[in-house]
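Asker: fold the stuff below for me.
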Amino acid sequence: MTAHKEGDPTTLNRLYGRSSGHKLRKGQADLVETLLPAIAVPEEGDITAERLFGDDRPLHFEIGFGGGEHLAHRADLLPDHGFIGCEPFVNGVAQALSHIRDGHLANVRVHMGDALDVLRRVPDQSLLMVYLLHPDPWPKARHAKRRMMNDGPLDLIAAKMKPGGEFRMATDDPTYLNWALMIMQRHTHQFEWQVKAPGEWLDYPSGWLETRYAAKARRQGRVPHQFRYRRI
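Answerer: Numbers count the residues shown, from 1 in each chain. Predicted structure coming up:
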């Protein structure tokens, strides 16, 4: 892995802003109190499929899952795979827990906090797929170092992925889009852009559920872009 530089996002305390919003409803609060501890990612030690699920199944990792609809959809689609979802926003975690409960999903583990804290504890070459869908754009230039799409986090993601695995990224923010493409150009030794035709990044590949953030963007006139990269 590349040595971290001063200001590298992997060395910051966190890459997100506030961690709570409106007060949870009683049912949501109950899920956070009861279901979350039962399926939470361990706070210490290596994070392996064997430890989380009792077998050596393929592992998926979602960074900032929002309301958890994509995470739950993928977990339901691939019940023999394991899914790790990280989200610092308690309201989003509560929504995801509702999806997990309603779908009877036994193949999901959740971390309420910084995804990088968990990702660092995943052994190298362990992850089949990593998802970064509509991350916080941090639109001001002085906040660019807080964007998840930066050299440090990408080096970390690359180290944790299996060769041939897939990294999926999506954004509807034009500034973040241009930034992400620029950053990925510096990582062509690690990731190969999976583009077969012009405009393909405007369409969802098979098994990719549109998130509520993408749907909101369309309603507001912004265009979601989807990118797939193969770990070399």
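Asker: phi and psi next, for the residue in the chain sticking out farthest from the centre.
Answerer: Ranked by distance from the centre of the chain (CA atoms, centre = their mean), the top residue is K26, with 27.2 Å. Main-chain torsions, K26, degrees, to the nearest 10: phi -60, psi -40.
Asker: Y229 is in contact with Q185, isn't it?
Answerer: No - the criterion here is CB atoms under 8 Å, and Y229 misses it with Q185 at 11.5 Å. Any C-beta I mention is one placed from the backbone N, CA and C, and that applies to glycine too.
Asker: show me which of these two is the more surrounded one.
Answerer: Set Y229 next to Q185 and count neighbours by other CB atoms under 10 Å: Y229 wins out with 24 against 9.
Asker: quick check on the more buried one: phi, psi?
Answerer: Torsion angles at Y229 (phi, psi; degrees, to the nearest 10) stand at phi -130, psi 130.
Asker: what residues are up against it?
Answerer: Under the criterion of CB atoms under 8 Å, 6 or more residues apart in numbering, the neighbours of Y229 are E166, F167, R168, M169, M184, F191, E192, W193, Q194.
Asker: for it, which non-adjacent residue is closest in space?
Answerer: Nearest-residue entry for Y229: F191, 3.9 Å, with adjacent residues in sequence omitted and distances by CB to CB, 6 or more residues apart in numbering.
Asker: all strands for the protein, in order.
Answerer: Counting by DSSP state E, the chain has strands at residues 59-63, 82-86, 108-111, 127-133, 161-171, 191-193, 225-231.
Asker: least trustworthy helix or strand in this protein by mean pLDDT?
Answerer: helix 212-219 (a mean of 93; mean pLDDT, DSSP states H and E).
Asker: in that one, what's buried?
Answerer: For helix 212-219, burial by neighbour count (16 or more other CB atoms under 10 Å) applies to Y213, A214, A217.
Asker: and the residue nearest to the spatial centre of the chain, how far from I232?
Answerer: Centroid-nearest residue in the chain, with CA atoms, centre = their mean: I63, separated by 2.0 Å. Distance from I63 to I232, counting by CB to CB, to the nearest Å: 20 Å.
Asker: pLDDT value on the residue nearest to the centre of the chain, please?
Answerer: At I63, the model reports a pLDDT of 98.
Asker: ok now do it, which residues does it touch?
Answerer: Neighbour list for I63: C86, A115, L119, V130, Y131, L132, P135, M148 [criterion: CB under 8 Å, 6+ apart].
Asker: repeat that for 10 Å
Answerer: Taking CB atoms under 10 Å, 6 or more residues apart in numbering, we find I63 in contact with 15, 84-87, 114-116, 118-119, 130-133, 135, 148, 153, 157, 169.
Asker: could you do I39 as well?
Answerer: By CB under 10 Å, 6+ apart, the contact set of I39 is L52, G85, L97, I100, R101, L105, A106, N107, V108, R109, V110, H111.
Asker: weed out the non-buried ones from these.
Answerer: L52, G85, L97, I100, L105, N107, V108, R109, V110, H111.
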